[in-house]
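**Student:** Fold the following for me, if possible:
(2 chains)
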Amino acid sequence: MTILVSALTVVVILLTIVVIGLLRSHGEMLRAFNELGVTFGHDGEHDHDSATAPLPAQPRTPLHARDRVAEGTGDGTVYDISGTTPRGGAQAVGLQNRNERTLLAFLTSGCATCRNFWDAFRNDAALPRSVDRLVIVTKSNDEESPAALANLAPNDHAVVMSSKAWDDYGVPVSPYFVLIDGATGTIDGEGAASTWTQVGSLLSRAEADTEAENEHRIDADLRAAGITPNDPTLYPTGRDT
Amino acid sequence: MTPLSSHGVTVGLPAGWEGEIFNRAPEVDGRSLSGPDSSGEVARNVVHLANFALPAERGDFGSGAVELMNSGALLVILFEHGPESVEMALFARKGVPQLDPDEFHPQQMQRTLSGQSGRQIFFNEAGRAFCLYVVLGSHRQRQMLVPLVNEVLATLDISEI
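**Tutor:** Numbers count the residues shown, from 1 in each chain, chains lettered A, B, ... in the order given. All right, here's what the predicted structure looks like:
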């Protein structure tokens, strides 16, 4: 009996050591991924610089606004994109002077996290409500495999191979997303995410943030003009009570 | 200008324009063929240029795209015919043409769509035979829209391949 108890104690101690080792290893991996800008779950959010759009300078709205993980180094300008296609042609995507919101997805053929997005896009993943179209941007064919991309590329979204676009938008890591409002010529948000579902929730949150900011700005403008809540001029036809 | 170049065709696109140059190879069971298919159909170089968002899937002559055009929209298509066509009378015009707004007509559309009009011209350049097909989102606005097309056509450079 004593021998059995002793043996079980030794086994429990060994298993405890193994579990602690695994947890430590897992923590180190997560920390390493975070440093690279690749994120998992809700921990993968980062904030942004205040780069501006080409026309009037406007603050860039964060795609998500929590812990900094990866920060784009673009100057906030909206650039049209031109490059090659995985099937050997050339493609240009216009983003300026357009009445559309375009989501740029910067992906590679090799990164494991990007695979989630390639699969989702090939399987007709629905675009978030605030996005009119999706454009996938990879690096040029001196850094990417057109053959590999041809196998990954969805039929119903453009795939442009352009390292210049990665430089123009200061993409720090893949996968990385940049939301462009063509009507205002501004970058509405950008950041990293690990799943398409997460991108959708981040865009919804960014949209809500923008609406809240607009409401706050309108209130401030009205106060500056001497119009306070319940001011009669706000209710020209009489206020319903 | 945003440069776009492939298959011996180079064009400069104004801000906000987009386009694609691709080779449409005949397909059998979803696989592209390097040579002609059983009906003799061969690969064709196709250029699509537009000032609106082109859908990823569209026909050589713009089906799938023309339906999305609003009144200010422009679609420019170059469709290359085989080298045997260069000597044909249809392609006798030499060089990339400039367009006259008054030559556009709703009946020149591949498929008539309300309010739109089109223009189709055949020409040869650098030993290659092309059909140029332009669609205006609004026939009424042709005097304003066609000069924008001519600006783009002026940047078009076609070389031997």
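**Student:** what bits of chain B have low per-residue confidence?
**Tutor:** The model of chain B has pLDDT under 70 over residues B:26-42.
**Student:** ranges for the strands of chain B?
**Tutor:** B:2-6, B:9-13, B:18-24, B:27-28, B:31-32, B:44-50, B:74-81, B:117-125, B:128-136, B:157-158 (DSSP state E).
**Student:** will you turn the ones you listed into CSV that also has distance to A:Thr84 and mean neighbour count?
**Tutor:** Yep, even glycine has a C-beta here, placed from its N, CA and C like the rest. Shown next, in CSV, are these (distance: least, Cβ to Cβ, whole Å; neighbours: other Cβ atoms under 10 Å in any protein chain shown):
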stretch, distance to A:Thr84, mean neighbour count
strand B:2-6, 7, 18
strand B:9-13, 13, 21
strand B:18-24, 10, 21
strand B:27-28, 21, 10
strand B:31-32, 17, 10
strand B:44-50, 14, 22
strand B:74-81, 18, 22
strand B:117-125, 23, 20
strand B:128-136, 21, 24
strand B:157-158, 18, 18
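**Student:** now those as a markdown table including distance to A:Arg205?
**Tutor:** Output for the strands of chain B, formatted as a markdown table (distance: least, Cβ to Cβ, whole Å):
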| stretch | distance to A:Arg205 |
| --- | --- |
| strand B:2-6 | 32 |
| strand B:9-13 | 34 |
| strand B:18-24 | 30 |
| strand B:27-28 | 43 |
| strand B:31-32 | 42 |
| strand B:44-50 | 33 |
| strand B:74-81 | 37 |
| strand B:117-125 | 45 |
| strand B:128-136 | 40 |
| strand B:157-158 | 47 |
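**Student:** could you redo the ones you listed as TSV and give each row distance to chain A?
**Tutor:** As requested, these are arranged in TSV below (distance: least, Cβ to the nearest Cβ, whole Å):
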stretch	distance to chain A
strand B:2-6	4
strand B:9-13	5
strand B:18-24	4
strand B:27-28	12
strand B:31-32	8
strand B:44-50	8
strand B:74-81	12
strand B:117-125	18
strand B:128-136	16
strand B:157-158	13
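**Student:** Any idea which of those strands gets closest to B:Leu145?
**Tutor:** strand B:128-136 (5.0 Å; Cβ to Cβ).
**Student:** the inter-axis angle of that closest one versus strand B:74-81?
**Tutor:** If you take axes from the mean of the first three to the mean of the last three Cα atoms, to 10 degrees, strand B:128-136 sits at 160 degrees to strand B:74-81.
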